[in-house]
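*Asks:* My questions are about this predicted structure, shown below with the sequence.
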Amino acid sequence: MNNHLIAGKTIKQWKKDYPLLEKISSTEEVFWENPNYLSFGKAIPNITLTEEDIQKADERLHRFAPYIAEVFPVTRDLNGIIESPTVEIPEMHRCLEEMFQQKVDGKLLLKCDSHLAVSGSIKARGGIYEVLKHAEDLAIEHEMISVEDDYSIINSQKFRDFFSIYSIVVGSTGNLGLSIGIIGAKLGFNVTVHMSIDAKQWKKDLLREKGVTVVEHTSDYGKAVEEGRKQSDLDSNSYFVDDENSINLFLGYAVAASRLKKQLDEMNVLVDQNHPLFVYLPCGVGGGPGGVAFGLKMIFKDHVHCFFAEPTHSPSMLIGLMTGKHDKISVQDFGIDNITDADGLAVGRPSGFVGKTLENLISGSYTVDDQTLYALLTSLIEAENIRLEPSALAGVHGPVQLFKEAAGQKYLKDKNLTQKTTNATHIAWGTGGSMVPEEVMESYYQLGSGIKNND
Ligand SMILES: *Cc1c(COP(=O)(O)O)cnc(C)c1O
């Protein structure tokens, strides 16, 4: 067993080369500083995606805005643009300092992707974007629309009949399926979502109500994706949303950055040489947090410091980045079970595409225990009356970890930031939660209360 090779080495050799793997495989909370981090100027020549690609995605979302405003009336206030608020959470800031006995310098903000219209999670960015792009490609190819048209014409029987010839298939732990299913069904596509074992019942029920076919798997995310891909490949009219490799998903997420910049300007939040921005992104397969981080680096360059956050039982992106093996290595290879209540993050093998794109841009990564996620969930409700799903709380723990952990302190020192932390802004990316049914949220809240009171 001990001689078994993982990506060319035994476990013993891996642990010798990367001592942090010892703690990671014991599912202890860790903080990792990325030794491959490079300045923006040095990192960017290695990356093929550009600012222009993100801009094109943004323009496409604007073309679809009149359609979105018509079919999802809640988006009318923002003229059909699906965007979430960014808010300061000072009570939670105080609460964090008290809970963890750790001073957190700077300002703490929450990006409320939990409250994104249509599907209530960060997947309303990438997932919806990818389906819209596919719909546009088909409609243009069949000369049903041109980019100069008012896209509200897509809200018609003619278009729904046209799209009904086509299928869309996706594998998901829940939220991506929700996004793809809701927008896909609205346009008229036949949508099939392959759900991993982690997917919550209410997410499957909601999709079936919308006429989406849900296939339930008793295996984890990787297997659900594999089965979905197989099914889709059998049908030439079927389009597979490839969460592990999709550039379109990634670009849909990346659009978040320019919109955040505008919000920060409106809030008079400075980001520059002396005012660092720290962003903490809950990470599953990597597309969502990776896309957002990529967009942020394009705008704020060396002044933004992005960290991925994962459950202690699913640290797949961390292991992929640290070993440089990306999708060639999984948490199960190290005896980690990939079982976590943070369903959106329950991914055992990360996206190789995202890992390679971000390997020089991401500042580091850390893990959070499920118990901590629940305690934070309850605290955020009590402090700010904001309800997030367990996965989304992974980001909220980031500022504490940065200051508390030796590797976090070292990062600040290495980047000459120690003297600037009082001017810093921390953004926890609140990736999901507003669609969680009330009784499910109440049970999360009770769990978190129990954990907090036992401490
Ligand atoms: C999917 C998801 C994430 C992570 O996104 P990936 O693209 O899988 O890395 C984070 N939080 C929530 C709530 C999610 O649903």
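*Replies:* Received, thanks.
*Asks:* quick one: contacts for the residue in the stretch 51-200 of the chain that the ligand sits nearest to?
*Replies:* With C-beta to the nearest ligand atom, the shortest gap between the stretch 51-200 of the chain and the ligand falls at Asn175, namely 3.3 Å. No exception for glycine: its C-beta is placed from N, CA and C like everyone else's. For Asn175, the contacting residues are Ser119, Ser121, Ile122, Lys123, Gly127, Lys203, Gly344, Gly432, taking C-beta atoms under 8 Å, 6 or more residues apart in numbering as the criterion.
*Asks:* again with His217
*Replies:* Here His217 is in contact with His194, Met195, Ser196, Ile197, Lys223, Ala224, Glu227 (C-beta under 8 Å, 6+ apart).
*Asks:* List only buried entries from those residues.
*Replies:* By neighbour count, with 16 or more other C-beta atoms under 10 Å, the contacts of His217 hold His194, Met195, Ser196, Ile197, Lys223, Ala224, Glu227 as buried.
*Asks:* Show me the strands in this protein, by range?
*Replies:* 31-33, 86-88, 107-112, 167-172, 190-195, 213-216, 238-241, 277-282, 304-311, 364-368, 425-430 (DSSP state E).
*Asks:* Could you dump these into TSV with distance to the ligand added?
*Replies:* Written out in TSV, the entries for the strands of the chain read as follows (distance: least, C-beta to the nearest ligand atom, whole Å):
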stretch	distance to the ligand
strand 31-33	17
strand 86-88	17
strand 107-112	12
strand 167-172	8
strand 190-195	13
strand 213-216	16
strand 238-241	12
strand 277-282	4
strand 304-311	8
strand 364-368	12
strand 425-430	8
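*Asks:* Quick check: which of those is nearest to Asp137?
*Replies:* strand 238-241 (9.3 Å; C-beta to C-beta).
*Asks:* Show me what the closest one is packed up against.
*Replies:* helix 123-141, strand 167-172, helix 221-233 (3 or more C-beta pairs under 8 Å, 6 or more residues apart in numbering; DSSP states H and E).
*Asks:* among those, which is the most enclosed?
*Replies:* strand 167-172 (a mean of 28; mean count of other C-beta atoms under 10 Å).
*Asks:* about what we covered before: format the helices and strands packed on strand 238-241 as JSON lines; extra columns: distance to Tyr445 and mean pLDDT.
*Replies:* What follows is the helices and strands packed on strand 238-241, written out as JSON lines (distance: least, C-beta to C-beta, whole Å; pLDDT from 0 to 100):
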{"stretch": "helix 123-141", "distance to Tyr445": "23", "mean pLDDT": "98"}
{"stretch": "strand 167-172", "distance to Tyr445": "25", "mean pLDDT": "96"}
{"stretch": "helix 221-233", "distance to Tyr445": "26", "mean pLDDT": "92"}
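*Asks:* The ones you listed: which one's closest to Pro276?
*Replies:* Put simply, out of the helices and strands packed on strand 238-241 the one that sits nearest Pro276 is helix 123-141, at 24.5 Å, with distance taken as C-beta to C-beta.
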